[in-house]
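1. what follows is a predicted structure for the sequence shown.
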Amino acid sequence: MAFIENYTGFERVKHVGAMTLAAILLGGNIVLSKVAADDGMTMRVMVAYRWIFATAFLAPIAIIVEWNKRPKLTWTVIVQAFLSGLLGGSLFSILFYTSVIMTSATFATAIYNLIPAMTFVIAVLLRFENLSFDKVSGKAKVMGTMICVGGAMLLTLYKGIEVHMWPIKIDLLHHDNESTTHKKLVGGTFALGIVLAVTSCICYSLWIVLLAKVSKNYPCHYSSTALMSLMGSIQSVLFALCFDRQVSQWRLGWDRRLFVVLYLGTLGSGIVVILMTWCSQKRGPLFVSVFNPLILLFVALASSLFLNETLYLGSILGGLLIIMGLYVVLWGKGKDMKASKAIILSKGALQKNDLEAPNQDQDTPSTIKQGLTQ
């Protein structure tokens, strides 16, 4: 699993630009989800449409790109796709976007940055990762996780003074038309929104760990992602129909609702998956994870400009601590990857020497024989 690091300057710019665009598109998902909720669209219906459009977008790409590459579809792959659609698709989306409505876009995104630290903890509990307290990398990963948790606690428990960034704001929300339910969610259950945000991050972290199994059993990434989107769309539609059965709640016209679900399904899901897959193949998953904090930065700026959300000093300080802890964890993980790469290269060199040694021994007698003959 060694990734080539000798890239030209232009290739580096392409990779950085692709991941920056992916972070902006993911931030747009969070901001637009609040716009759709303000228009009266429930999170359950929005999530259902998101995965329906994502499946419609990704399925043709998977069919064309991986036409003769897909292995046989087994029951194991189907069950793993179902769990992937649940943990990384329908359940995660419903919990996370509901927490966005109950709290704020900036707050929920800051909690979202806990995912790498939570993934590390879950991987350690499931023995996919080693703590290695005797190594600098192990200490860095533990310290970074603690910093992330501390940042999340600071963001949750401390507000501080208001921070005003824009002289002019563009408010996309129709505050006079908000439903009573929406007001209750925003005003009365902030603590529940925190719980939902943390739970969604746990689901997403479990999904990331599950991806290792999915990639091993079904290595075609586009096809597995399309299958996951299909499972997520089925799950989210069935769940939404349990609560939202009125036709008016599902009706899409030429309005903000249609724009939001089209964006979430195509740009915010399909294009993002393609960009992240391409960068992961070229530079590795660690490179992709480094750009995660950019989502928080974009959402904080966009929410204060377009959603009339108030930024507080506690949110900024907590977000900075989470980002700092994230990079400490990634630094430790990077050290582990370099050490593993060195071990793999050294083993390969030893095996090569062992294979060449017998050939040299066999050539020696023939060489001596030729010398004697001459």
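-> Cool, got the structure. Numbering: from 1, shown residues only.
2. just the strands in the stretch 101-250 of the chain please.
-> Using DSSP state E, counting those that start in this stretch, the strands of the stretch 101-250 of the chain run over 162-163.
3. which stretches of it have low pLDDT?
-> 128-131, 133, 156, 165-188 (pLDDT under 70).
4. show me where it has helices.
-> 105-112, 115-125, 136-157, 180-188, 190-217, 221-241, 247-250 (DSSP state H, counting those that start in this stretch).
5. got a markdown table for these, with mean neighbour count and distance to Met41 too?
-> Placement of C-beta: from N, CA and C, glycine included. Converted to a markdown table, the helices of the stretch 101-250 of the chain look like this (neighbours: other CB atoms under 10 Å; distance: least, CB to CB, whole Å):
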| stretch | mean neighbour count | distance to Met41 |
| --- | --- | --- |
| helix 105-112 | 27 | 16 |
| helix 115-125 | 19 | 26 |
| helix 136-157 | 19 | 28 |
| helix 180-188 | 13 | 11 |
| helix 190-217 | 18 | 18 |
| helix 221-241 | 22 | 11 |
| helix 247-250 | 11 | 8 |
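6. could you dump those to a markdown table with distance to Trp51?
-> Formatted as a markdown table, the helices of the stretch 101-250 of the chain follow (distance: least, CB to CB, whole Å):
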| stretch | distance to Trp51 |
| --- | --- |
| helix 105-112 | 19 |
| helix 115-125 | 19 |
| helix 136-157 | 28 |
| helix 180-188 | 22 |
| helix 190-217 | 14 |
| helix 221-241 | 4 |
| helix 247-250 | 14 |
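7. closest to His15 out of the ones you listed?
-> helix 221-241 (17.2 Å; CB to CB).
8. list of residues touching that closest one?
-> Helix 221-241 is touched from outside by 42, 44-45, 47-48, 50-52, 54-55, 58-59, 61-62, 65-66, 70, 77, 81-82, 84-86, 88-91, 93-94, 214-215, 218, 269, 273, 277, with contacts defined as CB atoms under 8 Å, 6 or more residues apart in numbering.
9. buried by neighbour count, from those: which ones?
-> Buried members of those, scored by 16 or more other CB atoms under 10 Å, are 42, 44-45, 47-48, 50-52, 54-55, 58-59, 61-62, 66, 70, 77, 81-82, 84-86, 88-91, 93-94, 214, 218, 269, 273.
10. show me the contacts for Met153.
-> Gly318.
11. returning to what we had before: and the helices of the stretch 101-250 of the chain: which comes nearest Leu313?
-> Of the helices of the stretch 101-250 of the chain, nearest to Leu313 by CB to CB is helix 136-157, at 10.2 Å.
12. angle of that closest one against helix 105-112?
-> 150 degrees (axes from the mean of the first three to the mean of the last three CA atoms, to 10 degrees).
13. helix 136-157 to helix 190-217, inter-axis angle?
-> Using the same axes, to 10 degrees: helix 136-157 against helix 190-217 is 150 degrees.
14. tilt between helix 136-157 and helix 115-125?
-> 130 degrees.
15. make residue 1 into 507 and carry on from there
-> Yes, from this point I'll number from 507; that puts the last item at helix 642-663.
16. same for the helix or strand hosting Lys520, what does it pack against?
-> Under the criterion of DSSP states H and E, Lys520 resides in helix 515-544. Identification of packing neighbours for helix 515-544 by 3 or more CB pairs under 8 Å, 6 or more residues apart in numbering; DSSP states H and E yields helix 549-571, helix 597-608, helix 611-618, helix 762-768, helix 778-789, helix 791-796, helix 799-812.
17. and the next helix or strand after the first one, how far out from the chain middle?
-> So the one you mean is helix 549-571. The helix or strand immediately downstream of helix 549-571 is helix 581-590, counting by DSSP H and E. Centre-to-centre, helix 581-590 and its host chain are 19 Å apart (CA atoms, centre = their mean, to the nearest Å).
18. re earlier: and Ser605, which of the helices of the stretch 607-756 of the chain is closest to it?
-> Here helix 696-723 is closest among the helices of the stretch 607-756 of the chain (CB to CB), at 3.8 Å.
19. give me the pLDDT for Phe598.
-> Phe598 carries a pLDDT value of 90.
20. quick check: closest non-adjacent residue to it.
-> Cys709 (4.6 Å; CB to CB, 6 or more residues apart in numbering).
21. how about Met649?
-> Closest to Met649 by CB to CB, 6+ apart is Val834, at 5.9 Å.
22. for that neighbour, list the residues it contacts.
-> 646-647, 649-650, 653.
23. go again using 10 Å as the cut-off
-> Contact analysis of Val834 by CB atoms under 10 Å, 6 or more residues apart in numbering lists 623, 645-654.
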